[in-house]
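Student: Would you be able to build a 3D model of this:
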Amino acid sequence: MTSEELGARARQLALGQRRLRRLLDAVVTISADMEPRAVLEHIVAAAAELVGARYGALGVLGPERDFVDLVTVGVDEERMLAADGLSQRHGLLIGPITERKPLRVDDIRADPRSVGFPPCHPRTTTLLGVPLTVRDTVYGNLYLAERRTARRSPTTTIPTALASAASVSIENARLHQDSNG
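Tutor: Reported below is the predicted structural model:
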């Protein structure tokens, strides 16, 4: 094995260790004494970083099954929401919720379900979405868009783990709110 190959492997191992540390930090955040919104912000930022996505969003469903909150990374959330408010049940963004499984799209514009993006939404090509679920309850979805590198598509393992962490955080916040009347 050449020194270049050894160096490449060492860099790959270091990257893997940094990614694992970031994932563990994000999951541990749930048990920290943080506001629920801060936990979700931390989780979506970690997910985008770990899969190499330029943009990330976490949509939270309310009791009526409509979106009541949106946490973003890489986009101007305030400007997007001011333009159209929270998008609701249509297009690609609802797929992981209704189907309760991950969604991967390599060319958003070519997908017939690609509708409902607000006018100021950044132009994206790739999309990876996973539902936020705890047991039989769906709390929303986590989306990661526009890979930063041309490397192979990320697996859904890390986003699914972080979506589970976000789901637990949302469920705990709601249980706490309900118990305090």
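
Student: drop to CA atoms for contacts and neighbour counts, all remaining ones
Tutor: Noted.

Student: before we move on, which element is the residue minimising distance to the centre of the chain in?
Tutor: The residue lying closest to the centre of the chain (C-alpha atoms, centre = their mean) is residue 142, at 3.1 Å. When elements are assigned from DSSP states H and E, residue 142 belongs to strand 137-147.

Student: So which other helices or strands are in contact with that strand?
Tutor: The contact analysis (3 or more C-alpha pairs under 8 Å, 6 or more residues apart in numbering; DSSP states H and E) places strand 137-147 against helix 36-51, strand 53-61, helix 95-99, strand 127-134, helix 157-179.

Student: Highest mean neighbour count out of these?
Tutor: Highest mean neighbour count of the helices and strands packed on strand 137-147: strand 127-134, a mean of 25 (counted as mean count of other C-alpha atoms under 10 Å).

Student: got a list of contacts for that strand?
Tutor: Under the contact criterion C-alpha atoms under 8 Å, 6 or more residues apart in numbering, strand 127-134 has outside partners 93, 96-97, 100-108, 138-146, 156, 159-160, 163-164, 166-168, 171.

Student: how about the strand holding residue 142: buried residues?
Tutor: Residues of strand 137-147 classed as buried: 138-147 (neighbour count, 16 or more other C-alpha atoms under 10 Å).

Student: and it with helix 36-51, angle?
Tutor: Computed with axes from the mean of the first three to the mean of the last three C-alpha atoms, to 10 degrees, the direction of strand 137-147 lies at 40 degrees from that of helix 36-51.

Student: Parallel or antiparallel, list what pairs with strand 137-147.
Tutor: strand 53-61 (antiparallel), strand 127-134 (antiparallel) (DSSP bridges).

Student: Run the chain-centre distance for the longest helix belonging to the chain.
Tutor: Determined from DSSP state H, the single longest helix within the chain is helix 3-29. The chain centre lies 20 Å from the centre of helix 3-29; the measure is C-alpha atoms, centre = their mean, to the nearest Å.

Student: likewise stretch 93-108?
Tutor: 12 Å.

Student: contacts for it?
Tutor: Residues outside stretch 93-108 that contact it (C-alpha under 8 Å, 6+ apart) are 88, 111, 114, 124-132, 138, 140-141, 143, 156, 160.

Student: For that stretch, list the C-alpha coordinates in CSV.
Tutor: Output in CSV follows, covering the C-alpha atoms of stretch 93-108 (Å, rounded to 0.1, in the frame of the first residue of the first chain):
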residue,chain,number,x,y,z
LEU,A,93,-42.6,17.0,1.0
ILE,A,94,-45.6,14.9,2.2
GLY,A,95,-44.3,11.6,0.8
PRO,A,96,-42.4,10.4,3.9
ILE,A,97,-45.3,11.3,6.1
THR,A,98,-48.0,9.5,4.1
GLU,A,99,-45.9,6.5,3.2
ARG,A,100,-44.0,6.4,6.5
LYS,A,101,-40.7,5.5,4.8
PRO,A,102,-37.6,7.4,3.5
LEU,A,103,-37.7,9.2,0.1
ARG,A,104,-34.7,9.8,-2.1
VAL,A,105,-35.0,11.9,-5.3
ASP,A,106,-31.9,12.5,-7.5
ASP,A,107,-33.6,15.0,-9.8
ILE,A,108,-36.3,17.0,-8.2
